[in-house]
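Peer 1: heads up, no residue letters with this:
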């Protein structure tokens with residue numbers, strides 16, 4: 001079950017991937033993390049999928065991460081007397097709080113917070129940006145607009161407001177209920193939608209109370225502007241290109257994606273590139289050439305993970321989609337250019353002892369005949385910092401905590417193993433050598449690098465590095481401890 005790539009694959013579960021057989025097939029095809037979309041499915045359905053994943057984890061003796069993705073606030077217009085109307089470029093159209101059915105001149109927009117934030121000249125986008133309106137005049141309960149790009153507007157279509165920071169909390173009442181449910185269930189990552197500011201992440205983190213790692217979805221222009229503070233507040237990032245591509249000019253997305261991926265790597269926090277990666281595989285057994293190039297670009301940039309949404313949740317070819325993504329990753333990572341790009345983008349060295357230790361481990365592994373870098377970790381920080389270095393050899397993370405092992409399944413290049421509670425460095429080396437041999441990373445004739453912290457069982461104390469043989473007898477005979 002060893003992966004032949006470093007980038008991780010996130011697969012969304014749904015109607016097309018709802019039973020043990022299919023979810024296991026997705027894992028065996030290459031999925032490392034399963035996403036539970038809280039926008040769809042009841043709590044009973046989410047619980048059933050969670051139980052299946054944990055059963056597969058137990059059956060295969062391999063940690064698997066579960067990501068619960070909160071829906072966030074959904075801004076939608078009201079309904080029309082004729083179900084839809086045609087908006088014509090240059091004509092006037094009004095949004096207001098009147099709950100009367102809409103017509104060709106107006107419709108209800110049941111979100112007073114939008115009107116409170118609007119100013120003349122602001123843009124309103126409807127139906128994923130297909131319709132664009134410019135605000136001419138606005139008040140506490142209305143917005144008079146001119147249609148800049150026309151089209152058909154129908155009942156309850158989504159409305160985006162890209163120009164302003166809305167006075168909306170990232171967590172709705174539904175999100176709060178879902179958050180408590182999935183945290184009690186035992187998910188490993190919680191994705192927060194509609195993030196606009198670092199305070200949104202802080203609010204979610206307070207409610208999570210350490211039960212899961214918090215991942216911020218970057219899908220608003222405001223989040224891009226406040227990215228540094230959001231990154232500091234979050235445990236990980238998702239570049240959610242769907243809404244982001246609606247609210248920003250599409251040509252802005254590639255440089256933003258590249259910049260965000262690099263900043264996440266520098267911060268040693270995992271980043272997922274998501275949305276429409278293999279969109280055509282919802283209905284086709286093969287992707288387009290452009291989609292393959294899109295997946296490859298994210299991998300070349302050094303993303304920790306790439307994600308499938310409807311392709312694996314509701315598509316006709318979920319296993320084929322995961323297999324395709326897996327094969328693209330293997331091919332890209334075997335390209336010499338991939339390594340050149342990763343090395344060129346390596347962040348500057350940090351001043352902390354642990355940062356120096358992991359940097360030294362990478363240099364030793366790349367200049368000597370070392371087969372793997374093994375680290376003992378309680379919180380996962382050492383493994384994450386090692387992944388930031390993007391070493392050429394596999395990373396093995398050994399931890400006594402299932403929670404840590406599962407969370408690290410999202411981090412680039414990290415192979416997670418459960419270990420016992422280690423009290424002496426000698427036993428850490430023995431455990432690392434066994435994991436390297438049983439995982440197929442090294443033989444008894446090879447050497448590995450082992451990192452740990454003394455005293456043991458204290459997070460953040462990584463301060464020791466050793467090059468060790470993988471033969472257990474030699475470990476005992478050469479270690480004076």
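Peer 2: Looks like it arrived, so ask away. Owing to the predicted nature of the structure, the values given are computational and were not obtained by experimental measurement.
Peer 1: all contacts plus neighbour counts: C-alpha atoms, from now on.
Peer 2: Noted.
Peer 1: Find the nearest non-adjacent residue to residue 428, please.
Peer 2: Leaving out its chain neighbours, the residue that sits closest to residue 428 by CA to CA, 6 or more residues apart in numbering is residue 422, at 6.2 Å.
Peer 1: tell me which element the one you found is part of?
Peer 2: Assigned by DSSP states H and E, residue 422 belongs to no helix or strand.
Peer 1: how close does it get to residue 313?
Peer 2: From residue 422 across to residue 313, the span is 40 Å (CA to CA, to the nearest Å).
Peer 1: Can you give me the pLDDT of the residue nearest to residue 428?
Peer 2: pLDDT, residue 422: 71.
Peer 1: Tell me how far it lies from residue 20.
Peer 2: In this view, residue 422 and residue 20 are 35 Å apart by CA to CA.
Peer 1: next one: residue 386
Peer 2: In terms of CA to CA, residue 386 sits 34 Å off from residue 20.
Peer 1: higher neighbour count, those two?
Peer 2: Counted by other CA atoms under 10 Å, residue 386 and residue 20 do not tie: residue 386 has more neighbours, with 28 against 16.
Peer 1: Just confirm the more buried one contacts residue 358, I think it does.
Peer 2: Yes. Using CA atoms under 8 Å, residue 386 makes contact with residue 358 at a distance of 5.3 Å.
Peer 1: where do the helices sit along the stretch 351-481 of the chain?
Peer 2: 353-367, 381-388, 402-407, 425-438, 472-478 (DSSP state H, counting those that start in this stretch).
Peer 1: between residue 422 and residue 313, which one's more packed in?
Peer 2: Shown here are residue 422 and residue 313; by other CA under 10 Å, residue 313 has more neighbours (22 against 16).
Peer 1: who touches that one in this structure?
Peer 2: Residue 313 sits next to 11-17 when contact means CA atoms under 8 Å, 6 or more residues apart in numbering.
Peer 1: Which of those sits closest to residue 430?
Peer 2: Taking CA to CA as the measure, residue 11 is the one of those closest to residue 430, at 34.6 Å.
Peer 1: Which pLDDT value goes with residue 16?
Peer 2: pLDDT, residue 16: 96.
Peer 1: Now name the helix or strand holding the residue nearest the centre of the chain.
Peer 2: Residue closest to the mean C-alpha point of the chain, counted by CA atoms, centre = their mean, is residue 272 at 3.5 Å. Using DSSP H and E, residue 272 sits within strand 271-274.
Peer 1: For residue 282, which of the helices of the stretch 351-481 of the chain is the nearest?
Peer 2: helix 402-407 (28.0 Å).
Peer 1: Buried residues, the strand or helix carrying residue 153. List them.
Peer 2: Assigned by DSSP H and E, residue 153 belongs to strand 151-154. For strand 151-154, burial by neighbour count (16 or more other CA atoms under 10 Å) applies to 151, 153-154.
Peer 1: Let's have the residues you listed in JSON lines, adding pLDDT and distance to residue 204.
Peer 2: Output for those, formatted as JSON lines (pLDDT from 0 to 100; distance: CA to CA, whole Å):
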{"residue": "151", "pLDDT": "96", "distance to residue 204": "37"}
{"residue": "153", "pLDDT": "96", "distance to residue 204": "34"}
{"residue": "154", "pLDDT": "95", "distance to residue 204": "33"}
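Peer 1: Return the closest of the residues you listed with respect to residue 172.
Peer 2: residue 154 (24.4 Å).
Peer 1: which residues touch the closest residue to the closest one other than its chain neighbours?
Peer 2: Leaving aside its sequence neighbours, residue 154 sits nearest to residue 84 (CA to CA, 6+ apart; 3.9 Å). Neighbouring residues of residue 84 by CA under 8 Å, 6+ apart: 152-155.
Peer 1: ok, so what distance separates residue 84 from residue 156?
Peer 2: According to CA to CA, residue 84 stands 10 Å off from residue 156.
Peer 1: where does the chain dip in pLDDT?
Peer 2: 1, 456-460, 472-481 (pLDDT under 70).
Peer 1: Let me see the domain layout of it.
Peer 2: 8-72+170-339, 84-160, 353-478 (automatic domain parsing).
Peer 1: So for residue 346, which of those domains sits nearest?
Peer 2: In terms of CA to CA, the element of the domains of the chain nearest to residue 346 is domain 353-478, at 6.6 Å.
Peer 1: sorry, back to before: in a markdown table: the buried residues of strand 151-154, plus distance to residue 443.
Peer 2: Output for those, formatted as a markdown table (distance: CA to CA, whole Å):
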| residue | distance to residue 443 |
| --- | --- |
| 151 | 64 |
| 153 | 64 |
| 154 | 64 |
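Peer 1: nearest to residue 319, of these?
Peer 2: Nearest member of these to residue 319, counting by CA to CA, is residue 154, at 34.9 Å.
Peer 1: how far away is that closest one from residue 161?
Peer 2: For residue 154, the distance to residue 161 equals 18 Å [CA to CA].
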